[in-house]
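Peer 1: Sharing a model that was predicted from the sequence below.
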Amino acid sequence: MSYTVTNPATGEQLAAYPTISDADLAETIARANAATRGWGRSSSIAERSALVRRIGDLHSERRDELAKALVEEMGKPLAQAYGEVDFAADIYRWHAEIAAEELADTPIGLRAGSGSAVIRNSPLGVILGVMPWNFPFYQVARFAGPNLAIGNSVLLKPASQCPHTGELIAKIYADAGAPSGAFEMILASTTQIADVIADPRVQGVSLTGSERAGIAVAEQAARHLKKVVLELGGADPFIVLSTDDLDAVVADLVAGRLDNNGQSCNAPKRAIVVSELYPAFTEKLVAALAKVEATDPFADGAELGPVSSLAAAENLEAQVQRAVEAGGELLLGGTRDGAFWAPTVIAGIPRDTGIFHEEMFGPVALVYEAADEDEAVAIANDTPFGLGSYLYSTDPAQIDRVANQIDAGMVFVNCVLADGAELPFGGVKRSGFGREMGRLGATEFVNKKLIRIA
């Protein structure tokens, strides 16, 4: 596996990093294990929370450097890069704030006998994080922040195109005062990662990435009885049933679909609109996206940069071609220049085709017409994925009814880009399992240890 930074906007290779040697990897795992068995168990929650808070503060202090690295590694528009860094900082600080409450002993009332019983949230040990390229700072924050507060040691395996952001994160942890071994970056190969998961000192794995990667990691983890959290793909529906402001709804879809150059796992990807709104909605969507131009992500006001790599652009091109060949109607775009993709709208891909069930990662909006609420829900759920979803309606009873029927881990009603550090993130079906962020994510990797005293 090659760890190389290539600017997708220019094609220029900026840096290359060597893969870790087997000997260095063994030493790294040993350090991580020593840290969680020593510092992780002897330090107080207050001490670990202070460390996590300092990590968040350093993200804020270094936001210029971190944002620049994001733009160069994966093409994120600069304003959005700042937004990611700020969000990561907020996640660390939030976990620092709630750690004492979430990790406190939970008393159990005894039904018989004398004495007491509590559930104690103890560290599990070394936790491996296999992280993606699309949100290098945010994804690490939501995985590593709570684990450090728990007292687990963290092994970070960054995406192969994001070694520099991983390096910057590791420096932040060191400068914040993390003890040796508490946070370690490993530029490991696929074979080495399999060995890390098999290592008895490693107690859990969190992966954000593709279905293929998730299956491979889950299979290896199951073979060695390791806890796993998986956040995989998504084909999130954007269901429009009624509205008092169609322009605002269209603007929300545009903002959500173009966020991170269309490369967010939980972005709205499939607009499903009832018949009475469909013609006007589609016309307004095409008009709005036609005004957006893919450009230099460092440019002032850039809304859309390149997709993450030339290979990603070529893959998206093949998907768009298959969608049109399958019967989808190309309403806008469908062209690329290198890794830059023009905003694209495709309508009515037939549901009995393979491409209907695929996730498109890039600035491509898919649109479907639904006769009524029931058909909208049927189209929304006709996907192997179940990460997020979006529902627009002015009817409270309908909102409650439809939200209950959507097969997804998250439902956002009349809003997009509304994630928060306090909100749990995760999905169902082939989008994975487990939760990060929020109070659910704060204790995913803990030993809920019973202590019964007579």
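Peer 2: Yep, that arrived. Numbers count the residues shown, from 1 in each chain.
Peer 1: can you give me the helices for the stretch 251-400 of the chain?
Peer 2: Assigned by DSSP state H, counting those that start in this stretch, the stretch 251-400 of the chain shows helices spanning 278-290, 310-325, 373-381, 396-405.
Peer 1: Next, format the ones you listed as TSV and append mean pLDDT, mean neighbour count and distance to residue 3.
Peer 2: Bear in mind the C-beta positions are built from the backbone N, C-alpha and C, glycine included. Formatted as TSV, the helices of the stretch 251-400 of the chain follow (pLDDT from 0 to 100; neighbours: other CB atoms under 10 Å; distance: least, CB to CB, whole Å):
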stretch	mean pLDDT	mean neighbour count	distance to residue 3
helix 278-290	98	18	35
helix 310-325	97	17	16
helix 373-381	98	18	38
helix 396-405	98	13	42
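Peer 1: between the ones you listed, which one is nearest to residue 107?
Peer 2: Closest approach to residue 107 among the helices of the stretch 251-400 of the chain is made by helix 396-405 (33.9 Å; CB to CB).
Peer 1: Centre of the chain to that closest one, how far?
Peer 2: Relative to its chain's centre, helix 396-405 lies at 26 Å (CA atoms, centre = their mean, to the nearest Å).
Peer 1: Number the chain from 742, please
Peer 2: Sounds good: first residue 742 from here, last item helix 1137-1146.
Peer 1: and for it, what are the contacting residues?
Peer 2: Helix 1137-1146 is contacted by residues 980, 982, 983, 1114, 1117, 1118, 1122, 1132, 1134, 1152, 1154 when judged by CB atoms under 8 Å, 6 or more residues apart in numbering.
Peer 1: of all the helices of the stretch 992-1141 of the chain, which lies closest to residue 756?
Peer 2: Smallest distance to residue 756 across those (CB to CB): 17.5 Å, for helix 1051-1066.
Peer 1: Specify the residue ranges that define each domain of this protein.
Peer 2: Domain assignment of the chain by automatic domain parsing yields the ranges 744-973+1172-1194, 977-1161.
Peer 1: Quick check: which of the helices of the stretch 992-1141 of the chain is nearest to residue 813?
Peer 2: The closest of the helices of the stretch 992-1141 of the chain to residue 813 is helix 1051-1066. By CB to CB, the value is 15.3 Å.
Peer 1: what does the closest one rub up against?
Peer 2: Here helix 1051-1066 makes contact (CB under 8 Å, 6+ apart) with 749, 752, 1004, 1047-1048, 1071, 1075, 1077, 1079-1082, 1085, 1087, 1090, 1095-1096, 1099, 1101-1103, 1105, 1107.
Peer 1: repeat that for 6 Å
Peer 2: 1048, 1071, 1075, 1077, 1080, 1087, 1090, 1096, 1101, 1103 (CB atoms under 6 Å, 6 or more residues apart in numbering).
Peer 1: List just the nearest of those to residue 756.
Peer 2: Closest to residue 756, out of all of the contacts of helix 1051-1066 and judged by CB to CB, is residue 1080, at 18.0 Å.
Peer 1: Residue 1082 versus the nearest residue to residue 941 once chain neighbours are set aside, what's the distance?
Peer 2: Counting by CB to CB, 6 or more residues apart in numbering, residue 965 is the residue found nearest to residue 941 once chain neighbours are left out, at 7.9 Å. Using CB to CB, to the nearest Å, residue 965 is found at 40 Å from residue 1082.
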